[in-house]
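# Sequence and predicted model, in that order:
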Amino acid sequence: MNILSVASEVYPLVKTGGLADVVGALPAALVPHGIRTRTLVPGYPAVLHKLKKKKKVGGFDNLFGHPATVHSAELDGLDLLVLDQPALYARDGGPYLDPTGRDYPDNFRRFAALSLAAAEIAGDNIIPGWKPDLVHVHDWQTALTPVYMHFGSASNMPTVLTIHNIAFQGQFGASVFSELALPPEAFSMQFIEYYGDVGFLKGGLQTATAITTVSPSYAQEILTPEFGMGLEGLLASRVTSLTGIVNGIDADGWDPETDPHIVEHYGPATTKRRAANRKALEERFGLTNTAGPIFCVISRLTWQKGMDLLAEVTDDIVALGGKLVVLGSGDAALEGALLAAASRHRGHIGMVTGYDEPLSHLMQAGADAIIIPSRFEPCGLTQLYGLRYGCVPIVARTGGLTDTIIDANEAALSAKVATGFQFRPVTADGLRLAIRRAFRAYSEPKVWARMQNQGMKSDVSWAKSAERYASLYSGLLAKG
Ligand code: ADP
């Protein structure tokens, strides 16, 4: 089976969040199921520079006003298709934001072009001798693909749309519609019209053959007004086509037995060796006198991620004898609040602002626990890395965090299956309580070691989830 996967980011080429990890890791996990994936991504400078060997395999004379080339390239086992259209993608900033942090004003055009290119690759002879059996698209940036396919020559080919975060919907003023190269009837409730505007994700949810999201709990949550962000009604009408499949992790890139970014390798039977990583972490963040637990946070600094709640409990962590190390960037006010906590508690709280992949590995290997107080979390990856690295997760009970962490309640502790701590309501008090529970467990080395060990034994690989995607794909093709 041949799949065309379409995404606006892919690890290790370009990543702003978990979406890139998923798009980068799923193809390899599907290979044992006889599924070959080609992944179409925009030719951002970062992508084109990193791909030394690429070959032109197709192109468009006129894609949104300019010619475009499709290159094929291989990287770390990924079979990539790169849409090279400098007018749209050769920019100085990131994939979505300019260097000042603002959305590019033509994002609708940049991602409509990606979606249209995908639809044409699926339906027309753009890449001679190659066509997919099914198209799998991710998030709003590629959600117009099934809409273009519906009105194009691949209208019978099944499509899967995965929602990684329903908060990002790609909503634009109605005036952009005339630029999208869609027939007039597409601007209607059945397609992309969304309260008088153009909704990219909305259009995709209407037209994709199947919809998935990245955990079973989030699949339930987005049917409610609290989490559906206005799309709950539409999702309810498509509930029979909606499933939740939890993400796995790149188990080779995140393996404490081989990780090149950590100081000492270890496994479930040798967790004592984490001590060297802990020491390196203390040095990196200037921590002193570290008898108590070290908590870490690796996150976008946003309201969604509950970083305001974290800022409220920093004093408590220090008062209880713990340390905190934070790696993240995002909202300036939240960054300021956490930096202020770090300067208030020098030697006890350390903060690095920015994005630092190697440091994130060392933190998982050296800290005792990772705090994830998200208000909503479709799946979440950092708790999965935490499990694999023996860095016990303390998580809000929401979305994928609910599905992947076993709370250390009485029953789970006595059955010896606990892997972390969950809390609800997602408030500063809720988080405070969970942190107190973690302190208590940490003071009993046997209990803590068992939780670490249990976490490290959890299956966080892609194997089971890839099986579910494979059976979803096969089911869709069988229905044909
Ligand atoms: P989201 O996609 O909503 O940001 P996820 O938990 O699904 O959240 O994925 C976040 C990914 O980004 C993880 O791989 C995490 O390790 C990484 N990450 C987040 N912030 C940073 C940072 N400042 N430096 C390095 N890695 C980060």
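Arrived safely. Numbering: from 1, shown residues only.
# Can you give the distance from the helix or strand encompassing Val160 to the centre of its chain?
Element membership of Val160, judged by DSSP states H and E, is strand 159-163. Centroid displacement of strand 159-163 relative to its chain, using CA atoms, centre = their mean, to the nearest Å, is 14 Å.
# Packing partners of whichever helix or strand comes after it?
Moving toward the C-terminus from strand 159-163, the next helix or strand (DSSP H and E) is strand 171-172. Helices and strands touching strand 171-172, by 3 or more CB pairs under 8 Å, 6 or more residues apart in numbering; DSSP states H and E, are strand 197-199, helix 200-207. Backbone N, C-alpha and C define where each C-beta goes, glycine included.
# Just put these in a markdown table and tack on distance to the ligand and mean pLDDT.
As requested, the helices and strands packed on strand 171-172 are exported to a markdown table (distance: least, CB to the nearest ligand atom, whole Å; pLDDT from 0 to 100):
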| stretch | distance to the ligand | mean pLDDT |
| --- | --- | --- |
| strand 197-199 | 21 | 98 |
| helix 200-207 | 16 | 98 |
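# Tell me which of those sits most buried.
Among those, the stretch with the highest mean neighbour count (mean count of other CB atoms under 10 Å) is helix 200-207, at a mean of 26.
# angle of that one against strand 159-163?
140 degrees (axes from the mean of the first three to the mean of the last three CA atoms, to 10 degrees).
# and helix 200-207, C-alpha only, in PDB?
Taking Å, rounded to 0.1, in the frame of the first residue of the first chain, the C-alpha atoms of helix 200-207 are listed here in PDB:
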ATOM      1  CA  PHE A 200      -9.400  25.200   6.400                       C
ATOM      2  CA  LEU A 201      -9.800  22.600   9.200                       C
ATOM      3  CA  LYS A 202     -13.500  22.800   8.900                       C
ATOM      4  CA  GLY A 203     -13.400  22.000   5.200                       C
ATOM      5  CA  GLY A 204     -11.100  19.000   5.900                       C
ATOM      6  CA  LEU A 205     -13.400  17.700   8.600                       C
ATOM      7  CA  GLN A 206     -16.400  17.800   6.300                       C
ATOM      8  CA  THR A 207     -14.700  16.000   3.400                       C
END
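# Give the next helix or strand downstream of it.
Next in sequence after helix 200-207, counting helices and strands by DSSP H and E, comes strand 210-213.
# chain center to the following helix or strand past that next one: distance?
Counting by DSSP H and E, the next helix or strand C-terminal to strand 210-213 is helix 216-221. Here the centre of helix 216-221 is set off from its chain's centre by 16 Å, with CA atoms, centre = their mean.
# Local confidence estimate at Asn125?
As predicted, Asn125 sits at a pLDDT of 87.
# Could you do Phe111 as well?
On the pLDDT scale, Phe111 gets 98.
# Low-confidence ranges, the stretch 201-350 of the chain, go.
Residues of the stretch 201-350 of the chain meeting the criterion pLDDT under 70: none.
# mind checking the backbone torsions on Ile406?
phi -100, psi 120 (degrees, to the nearest 10).
# give the contact list for it.
Neighbouring residues of Ile406 by CB atoms under 8 Å, 6 or more residues apart in numbering: Ala412, Val417, Ala418, Thr419, Gly420, Gln454.
# could the helices and strands packed on strand 171-172 go into JSON lines alongside distance to Trp140?
Converted to JSON lines, those look like this (distance: least, CB to CB, whole Å):
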{"stretch": "strand 197-199", "distance to Trp140": "8"}
{"stretch": "helix 200-207", "distance to Trp140": "4"}
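# which stretch among those comes nearest Lys52?
Closest approach to Lys52 among the helices and strands packed on strand 171-172 is made by helix 200-207 (32.8 Å; CB to CB).
# Now do the closest one: which elements does it pack against?
By 3+ CB pairs under 8 Å, 6+ apart, helix 200-207 packs against helix 107-123, helix 139-142, helix 145-150, strand 159-163, strand 171-172, helix 232-237.
# Contacts for it, please.
With CB under 8 Å, 6+ apart, helix 200-207 has contacts from 108, 111-112, 115, 137, 139-147, 149-150, 159, 161, 163, 166, 168-172, 186, 190-192, 194, 211, 231, 234-235, 238.
# filter these to the buried ones?
108, 111-112, 115, 137, 139-147, 149-150, 159, 161, 163, 166, 168-172, 186, 191-192, 194, 211, 231, 234-235 (16 or more other CB atoms under 10 Å).
# re earlier: and the ligand, which of the contacts of helix 200-207 contact it?
Checking these against the ligand by CB under 6 Å from any ligand atom, not one of them is in range.
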